[in-house]
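J.: This is a predicted model, with the sequence first.
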Amino acid sequence: MLDGRGVRAGFLRLAPVGVFAAPFGLAFGAAAVEHGLLPLETLIMSATVFAGAAQFAVLDLWSHPLPLLSIALTVLAVNARHLLLGAALSPWVNALPWPRRLLALPLLSDANFADSYRSLREGGGDGVANLGVLVGGGLALWLAWTAGTALGAYAGSGLGDLGRFGIDLVMACFFAAVAAGDLKTPSSLLPAAVAAAVAVLALEAVPAGWNIILAALAGASVGALTGRLRPGR
């Protein structure tokens with residue numbers, strides 16, 4: 001199901017994370033203007049694309065004339081992990097009619113996937129799997145990202161390096177906390193260990209972003225073989 005109650009719950013759950021996501025949007029806004037984009041163009045990109053890592057990657061290719069094919073391939077490489085995220089959510093998303101599927105998926109990101117997937121597997125707080133949690137969490141992050149982008153684009157780089165405050169560690173801590181909640185048995189540790197090993201070993205061997213995709217495929221394969229990954233769990 002997907003309803004307003006779930007949207008509200010998801011929004012409230014990820015609003016605190018969104019506060020710390022805003023500085024990443026701010027950094028992107030400032031960097032995009034430095035690469036020649038107009039502030040309004042920068043804001044439109046963040047509002048419609050909503051893919052931080054891919055947007056930063058595109059800036060390195062931003063020149064005139066635009067290398068459209070290179071940009072498309074780069075975005076595909078960085079965002080290919082969404083194929084895996086979507087596949088993991090398919091037992092619940094495919095139960096919705098098409099209009100609601102299209103409403104649920106545009107706001108999908110790493111953070112609200114990590115939060116909502118666990119909630120969906122557990123059936124939500126009242127035993128009902130509610131995809132509104134995915135939408136609400138995504139909305140909280142989208143608002144923070146676009147607001148941060150607007151501030152960075154219009155205020156410029158005069159705000160300095162926000163990394164000195166350690167804000168860049170917040171997302172890593174969030175994912176570590178979510179993952180730790182699932183690593184309760186030896187059978188759950190093996191897929192995570194394999195994925196981590198592949199991610200590290202492939203870091204220098206493949207283009208940026210592909211090591212994460214390979215790690216996810218390896219971890220998912222091990223999990224499937226050991227019976228860890230089952231639809232609806």
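T.: Noted; the coordinates are in hand. Everything numeric here is computed off the predicted structure, so don't read it as measured data.

J.: In contact with Ala51, which residues?
T.: Val75, Val78, Asn79, Ser109 (CB atoms under 8 Å, 6 or more residues apart in numbering). Heads up, the C-betas are built off the backbone N, CA and C, glycines and all.

J.: What's the biggest helix in the protein, counting residues?
T.: helix 4-34 (DSSP state H).

J.: What helices and strands are in contact with that one?
T.: helix 39-49, helix 52-59, helix 110-121, helix 132-155, helix 170-182 (3 or more CB pairs under 8 Å, 6 or more residues apart in numbering; DSSP states H and E).

J.: and among those helices, the most buried is which?
T.: Highest mean neighbour count among the helices and strands packed on helix 4-34 (mean count of other CB atoms under 10 Å): helix 132-155, with a mean of 23.

J.: and the angle from it to helix 39-49?
T.: Here helix 132-155 points in a direction 170 degrees away from that of helix 39-49 (axes from the mean of the first three to the mean of the last three CA atoms, to 10 degrees).

J.: Give me the angle between helix 132-155 and helix 52-59.
T.: Using the same axes, to 10 degrees, helix 132-155 lies at 40 degrees relative to helix 52-59.

J.: how many other residues sit next to Ser90?
T.: Ser90 has 11 neighbours, counted by other CB atoms under 10 Å.

J.: Include mean pLDDT and distance to Gly219 when you put the helices and strands packed on helix 4-34 into a markdown table, please.
T.: Below are the helices and strands packed on helix 4-34 laid out as a markdown table (pLDDT from 0 to 100; distance: least, CB to CB, whole Å):
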| stretch | mean pLDDT | distance to Gly219 |
| --- | --- | --- |
| helix 39-49 | 92 | 27 |
| helix 52-59 | 83 | 19 |
| helix 110-121 | 83 | 14 |
| helix 132-155 | 90 | 21 |
| helix 170-182 | 60 | 11 |
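
J.: returning to that earlier point: of the contacts of Ala51 - the most surrounded one?
T.: Val78 (23 neighbours).

J.: Surely it and Gln55 touch.
T.: No: if you go by CB atoms under 8 Å, Val78 and Gln55 don't touch, sitting 9.1 Å apart.

J.: just to revisit the earlier point, going by distance to Leu14, which of the contacts of Ala51 wins?
T.: Taking CB to CB as the measure, Ser109 is the one of the contacts of Ala51 closest to Leu14, at 9.5 Å.

J.: I'd assumed Gly138 was in contact with that closest one.
T.: Yes: with contact defined as CB under 8 Å, Ser109 counts as touching Gly138 (6.1 Å).

J.: can you pull the pLDDT of Gly209?
T.: Confidence at Gly209, expressed as pLDDT, is 63.

J.: separation between Ile213 and Arg101?
T.: From Ile213 across to Arg101, the span is 23 Å (CB to CB, to the nearest Å).

J.: These two: which is more packed in?
T.: Neighbours per residue (other CB under 10 Å) separate Ile213 from Arg101, with Ile213 holding more: 20 against 15.

J.: What does the pLDDT read for the more buried one?
T.: Looking at Ile213, the pLDDT reads 73.

J.: try the one 5 residues further on
T.: You'll see Ala218 listed with a pLDDT of 83.

J.: got a list of what it touches?
T.: Here Ala218 is in contact with Val194, Ala195, Val198 (CB under 8 Å, 6+ apart).

J.: I figured Gly6 was touching Leu139, is that so?
T.: No: counting by CB under 8 Å, Gly6 sits too far from Leu139 to count as a contact (11.5 Å).

J.: tell me the secondary structure for Leu103?
T.: helix (DSSP: H, G, I helix; E, B strand; the rest coil).

J.: Good, wrapping up.
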